[in-house]
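J.: pasting a predicted model and its sequence here:
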Amino acid sequence: MAYGDRRVVAARPPYPDNAGAQLFLANAYLDANEFERARVQMREVLRSFPGAAASIRRTEERLLAGAGSSGSPDAWFGVGFSREVRGDGARAVEAYRTALERGLSGPAADYARDALPRLEPAPGG
C-alpha cells in the first residue's frame, strides 16, 4: 500500500492495547492523511502509555536531523506534528511555519495552516 492509502485505516483491525500497536495505528492515520485522527490517537497513547513519549521524541529528533540537512517541508511538518502531539505548541508553530515556507502542499499544508491559530498564544497572553 502506498503513502496516503486509506485502506490501512478503513480495514482497521482491532489493535492490541499496547504502545507499539497504538502508535502503529496513529502512523496509519498519518499515512492516510488523517492528521486530526492521528493527533488524537497519539495524544491518547501518551496519556495511556507515558513511556511512549521517548519514542515520539526519537522520531522528532530523526525528522529534525533530516529537516536540517535537506530542508524537506515534509520533514518539518513531521517535526511540527510531533511537537504538537507532545504539547509544545510554540515550537510546533515554528516547525509548521517553516514547512509552509519551504513549500509544504496538499492535506499536510491544510492541516498545518489550520493548526497555527489553535497553537499560537493568544494576543497579550
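T.: Nice, thanks for sending it over. Residues are numbered from 1 along each chain as shown.
J.: could you say which helix or strand holds the residue nearest the centre of the chain?
T.: Among the residues of the chain, the smallest C-alpha distance to the mean C-alpha position (C-alpha atoms, centre = their mean) belongs to Phe81, namely 3.1 Å. Secondary structure from DSSP states H and E places Phe81 in helix 73-85.
J.: just the angle between the helix or strand following that helix and helix 73-85, please?
T.: Next in sequence after helix 73-85, counting helices and strands by DSSP H and E, comes helix 89-101. Counting by axes from the mean of the first three to the mean of the last three C-alpha atoms, to 10 degrees, helix 89-101 lies at 160 degrees to helix 73-85.
J.: name the helices or strands packed onto helix 89-101?
T.: helix 73-85, helix 106-119 (3 or more C-beta pairs under 8 Å, 6 or more residues apart in numbering; DSSP states H and E). Where you see a C-beta, it was placed from the backbone N, CA and C, and this is true even at glycine.
J.: which outside residues touch that helix?
T.: With C-beta atoms under 8 Å, 6 or more residues apart in numbering as the test, helix 89-101 has contacts from 67, 73-74, 76-77, 79-81, 83-84, 108-109, 112-113, 115-116, 119-121.
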